[in-house]
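S.K.: Structure here, sequence nowhere to be found:
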């Protein structure tokens with residue numbers, strides 16, 4: 001399939017949503033006729049997925065055009081050539097994070113048509129497209145077929161690039177079905193394991209109706225936050241914004257509100273992410289002070305370890321906590337975690353210097 005624009009190589013509408021979303025390589029040399037074509041087709045929102053360095057080197061000329069609403073929303077980990085196919089798959093999975101949730105929110109809430117792009121319109125744009133089509137109800141074969149269209153559009157350019165850069169393996173940079181199938185498997189697992197249960201707890205996704213309970217039980221508690229990286233949420237307006245971010249983030253991560261099974265009241269939160277093939281890191285585990293020392297933290301951590309090892313096929317679980325958070329350290333040690341190392345840092349929101357101990361559990 002040829003590009004819809006003569007000045008680009010890889011511009012096409014998604015095969016869903018009636019020409020609402022236009023994916024592309026970077027539109028750096030659009031003609032006046034092409035700009036008019038975008039506007040005639042209702043494309044008024046632009047989402048630039050490239051890194052800051054890429055944008056500074058080659059800015060999008062439409063960024064300052066008042067006819068368009070331009071958003072620079074870099075995809076995590078984009079812009080570098082993968083070292084291997086395994087590294088490529090890891091890079092693709094790591095793109096599915098809080099930044100990606102924000103990108104999808106901007107695209108889905110665009111008042112009219114939206115164009116989104118990276119440098120080649122292949123990897124970062126490919127992952128955004130897959131997630132967008134998944135949300136819009138497209139089946140797997142449609143998503144894969146759309147992803148593979150980039151191979152035909154870009155083959156000459158990719159082979160030329162590989163020829164000019166002998167260190168680059170063309171087999172890694174040329175699109176293959178397995179690349180996007182790996183992302184779809186991750187998304188399918190998110191849907192499959194969107195709820196976990198223990199004897200007394202349910203780990204589930206956040207709901208807007210949880211706002212008051214999670215805010216009063218956890219988010220507003222400065223004492224709980226003292227040994228965490230997050231900032232206490234002091235007003236209801238801040239809590240509303242935090243809930244919106246949480247719902248978006250949880251949609252793309254194995255992260256949950258921890259709720260009492262008897263009442264469904266959220267009393268904490270926790271989750272994991274895959275940071276390398278088979279290696280899972282906890283994303284912050286927290287139980288409200290009123291419900292501590294009751295064994296709930298152990299139940300939550302056991303459920304997350306089981307998710308990582310038994311359901312997702314992991315082999316290593318990483319855990320960390322502030323040095324002064326002795327109960328947290330004792331909790332992971334009770335489940336067999338072993339100390340690995342210590343590092344230091346400074347908490348972003350208040351400048352607090354902390355010492356962090358790291359542990360791991362292997363299967």
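M.R.: Happy to help now that I have it. Given the structure is predicted, the values throughout are model-derived calculations rather than measurements.

S.K.: Quickly list the domain ranges of this protein.
M.R.: Annotated domains of the chain cover 12-190, 195-362 [automatic domain parsing].

S.K.: Return the residues in contact with the residue nearest in space to the middle of the chain.
M.R.: Centroid-nearest residue in the chain: residue 97, 1.2 Å away (criterion: CA atoms, centre = their mean). Shown in contact with residue 97 (CB atoms under 8 Å, 6 or more residues apart in numbering): 76, 249, 252-253, 273. Any C-beta I mention is one placed from the backbone N, CA and C, and that applies to glycine too.

S.K.: same thing with residue 333?
M.R.: By CB under 8 Å, 6+ apart, the contact list for residue 333 reads residue 359.

S.K.: Torsion angles phi and psi at it?
M.R.: Main-chain torsions, residue 333, degrees, to the nearest 10: phi -60, psi -30.

S.K.: And it, how far from residue 132?
M.R.: Taking CB to CB, to the nearest Å as the measure, residue 333 falls 43 Å from residue 132.

S.K.: now residue 230
M.R.: Residue 230 is 29 Å from residue 132, by CB to CB.

S.K.: Wait, residue 14 touches residue 21, no?
M.R.: Yes - using CB atoms under 8 Å, residue 14 is in contact with residue 21, at 4.5 Å.

S.K.: ok, these two, which is more surrounded?
M.R.: Ranked by neighbour count (other CB atoms under 10 Å), residue 14 and residue 21 place residue 21 first, with 26 against 20.

S.K.: tell me which residues form a beta bridge with that one?
M.R.: Beta-bridge partners recorded for residue 21 (DSSP bridges): residue 114.

S.K.: related to what we said a few turns ago, write a PyMOL command that selects only the buried members of the contacts of residue 97.
M.R.: Buried residues within these, by 16 or more other CB atoms under 10 Å, are selected in PyMOL with:
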select buried, resi 249+252+253+273
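
S.K.: closest to residue 179 among the contacts of residue 97?
M.R.: Of all these, residue 179 sits closest to residue 76, with 16.4 Å by CB to CB.

S.K.: For that closest one, give me the pLDDT.
M.R.: As predicted, residue 76 sits at a pLDDT of 91.

S.K.: Just to check, it is in contact with residue 92?
M.R.: No - look at residue 76 against residue 92 with CB under 8 Å: they stay out of range, at 10.6 Å.

S.K.: Can you name the element that comes right after the helix or strand that contains residue 156?
M.R.: Assigned by DSSP states H and E, residue 156 falls within helix 140-164. Downstream of helix 140-164, the next assigned helix or strand under DSSP H and E is helix 170-173.

S.K.: Packing partners of that next one?
M.R.: Applying 3 or more CB pairs under 8 Å, 6 or more residues apart in numbering; DSSP states H and E, one finds that helix 170-173 makes contact with helix 85-95, helix 140-164.

S.K.: Now do the helices in the chain.
M.R.: Taking DSSP state H as the test, the helices found in the chain are 32-40, 52-57, 85-95, 98-108, 124-135, 140-164, 170-173, 177-192, 211-214, 222-225, 236-250, 296-306, 326-334.

S.K.: Out of these, which one sits most buried?
M.R.: Sort those by mean neighbour count, taking mean count of other CB atoms under 10 Å, and helix 124-135 sits at the top with a mean of 23.

S.K.: what's the angle from that one to helix 140-164?
M.R.: Per axes from the mean of the first three to the mean of the last three CA atoms, to 10 degrees, the angle that helix 124-135 makes with helix 140-164 is 180 degrees.

S.K.: can you give me how far helix 124-135 is from the chain middle?
M.R.: For helix 124-135, the gap between its own C-alpha mean and the chain's C-alpha mean amounts to 12 Å (CA atoms, centre = their mean, to the nearest Å).

S.K.: so who does the closest residue to residue 291 other than its chain neighbours touch?
M.R.: Excluding the flanking residues, the one nearest residue 291 by CB to CB, 6 or more residues apart in numbering is residue 267, at 4.6 Å. By CB under 8 Å, 6+ apart, the residues touching residue 267 are 217-218, 258-260, 287-288, 290-291, 296.

S.K.: Show me the two of the residues you listed that sit farthest apart.
M.R.: Top of the distance list for the contacts of residue 267 (CB to CB): 259 and 290, 14.1 Å.

S.K.: Have a look at the two and say which one is more surrounded.
M.R.: residue 259 (22 against 11).

S.K.: show me the contacts for that one.
M.R.: Counting by CB under 8 Å, 6+ apart, residue 259 touches 201-204, 265-267.

S.K.: do that again at 7 Å, thanks
M.R.: Counting by CB atoms under 7 Å, 6 or more residues apart in numbering, residue 259 makes contact with 201-202, 204, 265-267.

S.K.: Filter these down to the ones in strands?
M.R.: Under the assignment DSSP state E, those contribute 201-202, 204, 266-267 to strands.

S.K.: okay, now the closest residue in space to residue 283 that isn't next to it in sequence: neighbour count?
M.R.: Leaving aside its sequence neighbours, residue 283 sits nearest to residue 271 (CB to CB, 6+ apart; 4.3 Å). For residue 271, the neighbour count with other CB under 10 Å is 22.

S.K.: doesn't residue 101 make contact with residue 251?
M.R.: Yes - counting by CB atoms under 7 Å, residue 101 is a contact partner of residue 251 at 6.3 Å.

S.K.: any idea how far residue 253 is from residue 349?
M.R.: Between residue 349 and residue 253 the distance is 21 Å, computed by CB to CB.

S.K.: And residue 129, by the same measure?
M.R.: Distance from residue 129 to residue 253, by CB to CB: 20 Å.

S.K.: Same check on residue 13?
M.R.: Using CB to CB, one gets 29 Å for the distance from residue 13 to residue 253.

S.K.: Check residue 294 too.
M.R.: Applying CB to CB, the value for residue 294 to residue 253 is 26 Å.
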